[in-house]
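Participant: Structure, please.
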Amino acid sequence: MSASAGPGVPEATDVPDGRLRRDLGFRDLVVYGLLFIAPMAPVGVFGTLDAKSHGAVALVYVVATVAMAFTAFSYAQMVRVVPQAGSVFAYARVGLGRGPGFVAGWMAMLDYVLIPAVAYLFSGIAMNALVPSVSRWVWTALAVVITTLLNLWGVRAAARVGFLVLAMEIVVLLVFMVSAIVVLARDGTQRDWLSPLTGDGSQGAFALSAVIGAVSVAVLSYLGFDAIATFAEEVTGGSAKVARAVLFCLAFTGVLFVAQTYLVALLEPTTSAQLAAEPAKQGSAFYDAVDASVGGWLHDLVAVSKAIGAAFAALAGQAAAGRLLFAMARDRRLPRFLARTESGVPRFAILVAAVITLAAAGWAARRDDGLDHLVSVVDIGALTAFTLLHASVVGYFVVRHRGDGVSWWRHLLIPAIGAAITVAVIVEASGTAQVVGAVWLAAGLVVLGVQSRRGIVEPDRG
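Facilitator: Below you'll find the model as predicted:
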C-alpha cells in the first residue's frame, strides 16, 4: 500500500473536482481483484460443472484459467498505454474509435453495474439460511449500506476492510483444503485420484467436448479480475503495477480454483451421472460433499465465509462500476453529474451504482428465474466487452501504431485467440442471454446515434 495515509488517518481532501485520488498500491489492487472474483467462487457451480464435464471438473478450471489468461494479457497490454479509469471503455475508444469505445463501455455496464446485485443477493440468501428469523432483505440491505459507506469513504478505507475479509476467506479455504487432505489420507477417496482431471467414467469415456462445454460456464467464475483496470488513475507508481495485479489475480485464483475442485471431487460421493440426472442436487453439491466427508461445522464455516465474501465482492464491483460511470460521464457519454468527485472519490457515480444494484437485486428476488436471468445478462455484457478489448489491442498496436514497437504475437496472435475464445463462449450462452445482450446492444446503438446527431464530442483524453 502507498504510505500516503496510515490506518485511522483521514484521507487527503485536496483533490480537484473531476480527478481521482492516487492512493492505491499493488496490494490494494490485488485485494480488490481477489475480493471481486472470490477465492471460493467454484462452490456454487461445482455441481453443475461436475455434471457437464463428466467429472473432470479440475481439468475444466485448468482450461478456463488458460483461456482467461488471453484476456488478462490483453488488459495488461492496454492498461500500460491507456492508464484511465474507464478500463475497456477507454481502451476501445483509443484503439478502435469513439463509437466502439462507447459500445464497449455500454456493454461493460451490464457487468460492472449488475454483478454486485448478484453478489448482494447471494449474501442475503446465505445469511438468511443461517439466521432464518431475519429476512434476507434485511441482510441484503445491510450489506448494501455497509459496503456503499466504505466505498464513499474512499478506496483506501474500503481496501483496508476488504483485506481483512479476503484474509478470512483464504483462511477458510485453507481450513477446507487441510481438512479434505486429512480425510482423504485417513478414509481414502470416493473417486479415482485422477478422475478430477480425466472424468469419473460414470458417463462413459473422457469427452473433450464435455470439458469445453463446461469451460463456457467456468470462465464466469473469473469475472472481476478485469475490474482492477478501472483503478488505473488511482494507483501510485505507474500503470505497470495494474498490469501485474491483473495477471497475478488470475494466476492466483486459477491455482485456488483447481486445488479446491480437485479435492472436493475426490470427496464427492455422488457420481457426475447422478448429478446430471438430478439437477436439483447440483447447486448444493460442494456443501453436501463437505458435510458428508468432513462434518457440518465446516459446511457452516464455508457458508458464513461465502455470505460475507459475497457482500465484499459486491463492494469491489460497486467501486469498479462507479469508476466506469465516472469515466463515461467525464467523456460526456452519461449525465455530467456522475463525473463529479468529492475529495477525489466519485461519490455520485457510486451512489447511482448502489441504487441500481439494489433495484436489480429486488427484481431478481421476486422472480423464480430472476437470478438466472440476471447472471446471464451480466455474463453476456462482460464477454462482449472482452471481445472489444482484444480488438482494441489489435487496433491500437497493429493498425494505429504499425511498426512502432509492434509484437505480432503479443499484439495480434494473443488477442485474436482471446477474441475467438470469448466469441465461442457467447455462442454457448443461453438464448435468453443472447437476446437480452442483443437488445441492450441495440439500445446502446440508438443512444450513440442520438449523441452523434446532437454533436456530442468527447474531450480528447487519448
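
Participant: alpha carbons only for contacts and neighbour counts from here, please
Facilitator: Will do.

Participant: A helix includes residue 300, no?
Facilitator: Yes - under DSSP: H, G, I helix; E, B strand; the rest coil, residue 300 sits within a helix.

Participant: Run a quick neighbour tally on it.
Facilitator: Other residues near residue 300 come to 15 when the count uses other Cα atoms under 10 Å.

Participant: now residue 131
Facilitator: 12.

Participant: Residue 209: which element?
Facilitator: Following DSSP states H and E, one finds residue 209 within helix 208-218.

Participant: So which bits of that helix are buried?
Facilitator: Neighbour counts over helix 208-218 (16 or more other Cα atoms under 10 Å) mark 210, 211, 212, 213, 214, 215, 216, 217, 218 as buried.

Participant: Stretch 75-83 too?
Facilitator: Applying 16+ other Cα under 10 Å to stretch 75-83 flags 75, 76, 77, 78, 79, 80, 82, 83 as buried.

Participant: contacts for it?
Facilitator: With contact meaning Cα atoms under 8 Å, 6 or more residues apart in numbering, stretch 75-83 is reached by 87, 90-91, 94, 226, 229, 232-233, 239-240, 242-244, 246-247, 389, 393, 462.

Participant: ok, the closest residue to residue 50 other than its chain neighbours - contacts?
Facilitator: Closest residue in space to residue 50, ignoring its immediate chain neighbours: residue 57 at 5.1 Å, by Cα to Cα, 6 or more residues apart in numbering. Applying Cα under 8 Å, 6+ apart, we find residue 57 in contact with 46, 49, 50, 196, 197, 199, 211, 261, 262, 265.

Participant: thinking again about what came up before, mind putting the buried residues of helix 208-218 in TSV, pLDDT included?
Facilitator: Output for these, formatted as TSV (pLDDT from 0 to 100):
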residue	pLDDT
210	85
211	87
212	82
213	79
214	84
215	83
216	75
217	77
218	83
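
Participant: out of these, who's nearest residue 204?
Facilitator: The closest of those to residue 204 turns out to be residue 210 (Cα to Cα; 11.2 Å).

Participant: Against residue 167, how distant is the residue nearest to that closest one when sequence neighbours are not counted?
Facilitator: Spatial nearest neighbour of residue 210, chain neighbours left out: residue 53 (4.8 Å); criterion: Cα to Cα, 6+ apart. Residue 53 sits at a distance of 31 Å from residue 167 (criterion: Cα to Cα, to the nearest Å).

Participant: Show me which of these two is the more surrounded one.
Facilitator: The residue with more neighbours, out of residue 53 and residue 167, is residue 53; 30 against 13, by other Cα under 10 Å.

Participant: Looks like the more buried one contacts residue 205 (just checking).
Facilitator: No - counting by Cα atoms under 8 Å, residue 53 sits too far from residue 205 to count as a contact (11.1 Å).

Participant: Need the overlap of contacts for these two.
Facilitator: Common contact partners of residue 53 and residue 205 (Cα under 8 Å, 6+ apart): residue 199.

Participant: which residue ranges form the helices in the stretch 1-150 of the chain?
Facilitator: Here the stretch 1-150 of the chain has its helices, by DSSP state H, counting those that start in this stretch, at 26-37, 46-52, 57-81, 88-95, 98-112, 115-130, 136-153.

Participant: winner for burial among those?
Facilitator: Of all the helices of the stretch 1-150 of the chain, helix 88-95 carries the top mean neighbour count, a mean of 29, counting by mean count of other Cα atoms under 10 Å.

Participant: got any ranges where the stretch 51-200 of the chain has weak pLDDT?
Facilitator: For the stretch 51-200 of the chain, applying pLDDT under 70 flags the ranges 129.

Participant: any idea how far residue 274 lies from residue 48?
Facilitator: In terms of Cα to Cα, residue 274 sits 11 Å off from residue 48.

Participant: okay, the helices of the stretch 1-150 of the chain in TSV with distance to residue 445 next?
Facilitator: As requested, these are exported to TSV (distance: least, Cα to Cα, whole Å):
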stretch	distance to residue 445
helix 26-37	29
helix 46-52	35
helix 57-81	24
helix 88-95	15
helix 98-112	7
helix 115-130	22
helix 136-153	31
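
Participant: how about the ones you listed, which one is nearest residue 321?
Facilitator: So among the helices of the stretch 1-150 of the chain, helix 98-112 is nearest, using Cα to Cα, at 4.7 Å.

Participant: That closest one vs helix 115-130, what angle?
Facilitator: Angle, helix 98-112 to helix 115-130, by axes from the mean of the first three to the mean of the last three Cα atoms, to 10 degrees: 0 degrees.

Participant: by contact count, what packs against helix 98-112?
Facilitator: Judged by 3 or more Cα pairs under 8 Å, 6 or more residues apart in numbering; DSSP states H and E, helix 98-112 is in contact with helix 88-95, helix 296-330, helix 370-393, helix 431-453.

Participant: Could you say which of these is packed most deeply?
Facilitator: Scoring the helices and strands packed on helix 98-112 by mean count of other Cα under 10 Å, the most buried comes out as helix 88-95, with a mean of 29.

Participant: so how far is residue 299 from the closest residue to residue 168 other than its chain neighbours?
Facilitator: Closest residue in space to residue 168, ignoring its immediate chain neighbours: residue 305 at 7.3 Å, by Cα to Cα, 6+ apart. Using Cα to Cα, residue 305 is found at 10 Å from residue 299.

Participant: before we move on, the earlier item: which of the contacts of stretch 75-83 are buried?
Facilitator: Neighbour-count burial (16+ other Cα under 10 Å) is assigned, among those, to 87, 90-91, 94, 226, 229, 232-233, 239-240, 242-244, 246-247, 389, 393.

Participant: separation between residue 295 and residue 262?
Facilitator: 19 Å.

Participant: Who has more neighbours out of those two?
Facilitator: Counted by other Cα under 10 Å, residue 295 and residue 262 do not tie: residue 262 has more neighbours, with 21 against 14.

Participant: what's the helix or strand for that one?
Facilitator: Using DSSP H and E, residue 262 sits within helix 240-267.

Participant: From the chain's centre, how far out is that helix? Work that out for me.
Facilitator: Per Cα atoms, centre = their mean, to the nearest Å, the displacement of helix 240-267 from the mean C-alpha position of its chain is 13 Å.
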